[in-house]
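Sequence first, predicted model second:
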Amino acid sequence: MSERSKVVITGFEAKYYDELLNILSLFQYPRFIKRVIFEETDVKNGSNIAELGVGNGRNAILFSQKTGDKGKVVGFDISDDMIEKARKKTQKYPNIEIIKHNILKPYPGKYKNFFDIAFMSFVFHGLEDYEKEKMLENLKVIIKKGAKFYILDYAQTNIENTPFYYRFFIKHLECPLALEFLSYNLDENLKKHGFILTNRHFHFKNLISYSEYTFLPNASK
Ligand SMILES: C[S@@+](CC[C@H](N)C(=O)[O-])C[C@H]1O[C@@H](n2cnc3c(N)ncnc32)[C@H](O)[C@@H]1O
């Protein structure tokens, strides 16, 4: 992983990840993420869902409730600390599997064409551009044609027009890649890989976006 990134979460941050996120969002995060997954994500009963960078499993549990017993949620993460937390947190959910895996690398063969949905929350911005390419190349192998790819992350915006607290957060507390991500051409770059924007919601004063892409591999040619 790039030294300019802060998205691999370990140690103290991994241990108190939920708590830190709750505090940072002034305790709005639990309600927010439920709304995103239950109201803004097109999960059918029985969908197979991949979460790339599953963290401590909070989102995976919400997805497992939505997809039901016939579906499966597979959470991939590179951090041993996060994997341990996620396995503990999700152990009562038989339709969740937590796998240690670097999403920049090819996935185990059994997942080829397996997923109806891929979900990525606050991971994309922390990848260097060449890593984004690798991540997408590998993702395309494990999702079905017509699958949805959801990205929850910082919205593309002019940083100078954002509130002072957000500017401070992005410039001084986040990694340099996060600042660059604000001017990244997400839709064009995803389109090159066959991911066509089909829906988008904005949150937290338009600073956070939730984008739905549909995987149509031939549409970009
Ligand atoms: C900011 S956290 C977000 C966790 C979770 N998606 C959420 O929204 O609560 C980013 C997560 O992505 C994982 N991650 C970062 N780079 C990764 C990679 N190359 N492969 C797999 N997981 C990665 C980190 O270990 C961490 O758990």
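That came through, no problem. Keep in mind that this is a model prediction, so the values were computed, not measured.

Can you name the residues of this protein that neighbour the ligand?
On the criterion C-beta under 6 Å from any ligand atom, the ligand has as its neighbours in the chain the residues 1, 7-9, 53, 55, 58-59, 76-79, 82, 102-104, 121-123. To be clear about C-beta, it is placed using only N, CA and C from the backbone, and glycine gets the same treatment.

How many residues are close by residue 160?
6 (other C-beta atoms under 10 Å).

any idea how far it is from the ligand?
To the ligand, residue 160 is 25 Å away according to C-beta to the nearest ligand atom, to the nearest Å.

What's the ChimeraX line that selects buried ones from the residues of the chain next to the ligand?
Paste this into ChimeraX to select the buried members of the residues of the chain next to the ligand, with burial taken from 16 or more other C-beta atoms under 10 Å:
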select :7,8,9,53,55,58,59,76,77,78,79,82,103,104,121,122,123
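
Listing partners with orientation, what would you give for the strand ranked longest in the chain?
If you go by DSSP state E, the chain has its longest strand at strand 143-154. If you go by DSSP bridges, strand 143-154 pairs up with strand 115-121 (parallel), strand 208-215 (antiparallel).

Let me have these in a markdown table, extended by mean pLDDT.
Output for these, formatted as a markdown table (pLDDT from 0 to 100):
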| stretch | mean pLDDT |
| --- | --- |
| strand 115-121 | 98 |
| strand 208-215 | 98 |
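
one step back: what are the buried residues along the longest strand of the chain?
Residues 143, 147-154 are the ones in strand 143-154 that count as buried (16+ other C-beta under 10 Å).

next one: stretch 12-23
Residues 14-15, 17-18, 21 are the ones in stretch 12-23 that count as buried (16+ other C-beta under 10 Å).

give me every residue that touches the nearest residue to residue 101 once chain neighbours are set aside.
Spatially, and ignoring its direct neighbours in sequence, residue 101 is nearest to residue 76 (4.3 Å; C-beta to C-beta, 6 or more residues apart in numbering). With contacts defined as C-beta atoms under 8 Å, 6 or more residues apart in numbering, residue 76 is in contact with 50-54, 99-101, 103, 107.

So which of the strands paired with strand 143-154 has the densest surroundings on average?
Stretch with highest mean neighbour count among the strands paired with strand 143-154: strand 115-121 (a mean of 23; mean count of other C-beta atoms under 10 Å).

what sits against residue 139?
Neighbouring residues of residue 139 by C-beta under 8 Å, 6+ apart: 50, 52, 103, 118, 149.

List just the nearest of those to the ligand.
Nearest to the ligand out of those is residue 103 (C-beta to the nearest ligand atom; 3.9 Å).

my read: that closest one touches residue 53, true?
Yes: judged on C-beta atoms under 8 Å, residue 103 makes contact with residue 53 at a distance of 6.5 Å.

Measure how buried residue 73 is and give me the count.
Residue 73: 30 surrounding residues under other C-beta under 10 Å.

what sits against it?
48-51, 60, 63-64, 67, 93, 95-97.
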